[in-house]
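Undergrad: no sequence for this one, just the structure:
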DNA sequence: GAAACGGATTGATCTTTATCAAGCGCGATA
DNA sequence: TATCGCGCTTGATAAAGATCAATCCGTTTC
């Protein structure tokens, strides 16, 4: 088996600064798994046996309670997930399913905790990763608590438009039903919110979003680096 | 100046495992500040110059956007706050104000980052702290996204009743207006939600909450360790 | 190419939550 | 003890969002 089997993740923030020894220890028991679309890979409440890294494809993190379900995040290469549960040896708080065909790298939690104990560079990298995750979660909470559903959508569009290079249009990365859940609304409400955005410079055609007037959109969305940054 | 000036925080999870040298380095530039009630100590967006530790009193973390404001957490001795911003050297995402007269220990962020770099035990402790904070934020998000306001209140009551020893009653730790904001509702809606809880075994008299029928309350609240644990 | 499927949209209606406006209650103050 | 102030409560109303149902439409399937 080639030694560079996991070279594709060697330069991730989480691993870039660690020794070759540590990286070898982490990848020794690691393996790659392929999943078809729409497959549940992780069920919330289960023990966190592996750190997951998205090598290709798209993953949805979501959660359920009493007949309700809600999307919490969408992941792309090379996002890692379930790091906190892995480190604390606690059960997963979220379920995970593939949005499309995906390739996932799995590293046993046991190995993560072992290397974490003995390689302080890895510990530091984990601190950086967790701090970013935590701040992301706080931002998301502020988004939900401080904004109406239409405002959340406007900011979603403005942010993704910017990320896509402000070229006047971009493609939605997930189905609208999932986007609705992520933004804490129903698909029907999302449809109407998109319709309402027409008067703020946004046109919709299927999953293609056209931003006719970015200034007008921003004037309505009022994006804020402490929420959307 | 006495060397044990900060002994009260020496055994906190964040500091318990670090060397005396590291602890000395952390406390060398630290100081204690006293605040009267209802004073803003931190403004979101400001640079994170200090790690804060509640020595006494009660602190509210909250956030604002476009005329809206929302409570995000209430802290008590010896909670720490703004650790993630401190570590990443990023601006605060939340504002902080005193709920009552409070004593706060401030440790310069610079010193936190210095000791973090050279003491791997401190780095590990920070990992533990951040992982807990992150998981707490995710739980709170699930609470908001998956439950109605009445369900959130029911679970708040059930949880705090249990924490207070399940003695049949407990005292609200904050004013109802702040509790309402924390639970993402208006004070009026909170009043009505409390009224609705009467039929689920809960009586209210001012800030004293009486749980007449804990089983009935739990049957309605359906508490879940992955949200309320 | 026709049919079937599933997500998206639209309309009608209902529920939940917010807003506005009085009043109430209780502790602080004089 | 009277009164003031402030937070809490209650009622009426409005807005936001959810639900239910029907239809549309693009894609897949045969």
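TA: Perfect, thanks for sending it. Nothing here was measured: the structure is a model prediction, and the numbers come from that model. Numbering: from 1, shown residues only, chains lettered A, B, ... in the order given.
Undergrad: quick one: residues contacting whichever residue of chain A sits closest to chain B.
TA: Per Cβ to the nearest Cβ, residue A:120 is where chain A lies closest to chain B, at 3.3 Å. Backbone N, C-alpha and C define where each C-beta goes, glycine included. Contact analysis of residue A:120 by Cβ atoms under 8 Å, 6 or more residues apart in numbering or on different chains lists B:120, B:123.
Undergrad: strands of chain A, start to end?
TA: A:31-35, A:40-42, A:50-56, A:59-65, A:68-75, A:80-81, A:95-98, A:102-108, A:169-171, A:202-205, A:208-211 (DSSP state E).
Undergrad: turn the ones you listed into a markdown table, including mean neighbour count.
TA: As requested, these are exported to a markdown table (neighbours: other Cβ atoms under 10 Å in any protein chain shown):
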| stretch | mean neighbour count |
| --- | --- |
| strand A:31-35 | 14 |
| strand A:40-42 | 17 |
| strand A:50-56 | 21 |
| strand A:59-65 | 21 |
| strand A:68-75 | 18 |
| strand A:80-81 | 21 |
| strand A:95-98 | 21 |
| strand A:102-108 | 20 |
| strand A:169-171 | 14 |
| strand A:202-205 | 16 |
| strand A:208-211 | 17 |
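Undergrad: and these as CSV, adding mean pLDDT and distance to chain B?
TA: Shown next, in CSV, are the strands of chain A (pLDDT from 0 to 100; distance: least, Cβ to the nearest Cβ, whole Å):
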stretch, mean pLDDT, distance to chain B
strand A:31-35, 95, 23
strand A:40-42, 96, 13
strand A:50-56, 97, 13
strand A:59-65, 97, 4
strand A:68-75, 98, 4
strand A:80-81, 96, 11
strand A:95-98, 97, 10
strand A:102-108, 97, 16
strand A:169-171, 97, 24
strand A:202-205, 97, 19
strand A:208-211, 98, 21
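Undergrad: looking at those strands, which is nearest to residue A:129?
TA: strand A:80-81 (7.0 Å; Cβ to Cβ).
Undergrad: how many residues are close by residue A:121?
TA: Per other Cβ atoms under 10 Å in any protein chain shown, the neighbour tally for residue A:121 reads 16.
Undergrad: hmm, residue A:20 and it touching each other?
TA: No: using Cβ atoms under 8 Å, residue A:121 and residue A:20 do not qualify as a contacting pair, with a distance of 11.7 Å.
Undergrad: pretty sure residue A:204 contacts residue A:196?
TA: No: counting by Cβ under 8 Å, residue A:204 stays clear of residue A:196, with 11.0 Å between them.
Undergrad: per-residue confidence for residue A:4?
TA: Residue A:4 carries a pLDDT value of 75.
Undergrad: ok, it to residue A:211 distance?
TA: Distance, residue A:4 to residue A:211, using Cβ to Cβ, to the nearest Å: 42 Å.
Undergrad: before we move on, the earlier item: would you turn the strands of chain A into JSON lines with distance to residue B:132?
TA: Converted to JSON lines, the strands of chain A look like this (distance: least, Cβ to Cβ, whole Å):
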{"stretch": "strand A:31-35", "distance to residue B:132": "29"}
{"stretch": "strand A:40-42", "distance to residue B:132": "20"}
{"stretch": "strand A:50-56", "distance to residue B:132": "18"}
{"stretch": "strand A:59-65", "distance to residue B:132": "18"}
{"stretch": "strand A:68-75", "distance to residue B:132": "18"}
{"stretch": "strand A:80-81", "distance to residue B:132": "18"}
{"stretch": "strand A:95-98", "distance to residue B:132": "21"}
{"stretch": "strand A:102-108", "distance to residue B:132": "22"}
{"stretch": "strand A:169-171", "distance to residue B:132": "36"}
{"stretch": "strand A:202-205", "distance to residue B:132": "40"}
{"stretch": "strand A:208-211", "distance to residue B:132": "38"}
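Undergrad: that concludes my questions; thank you for your assistance.
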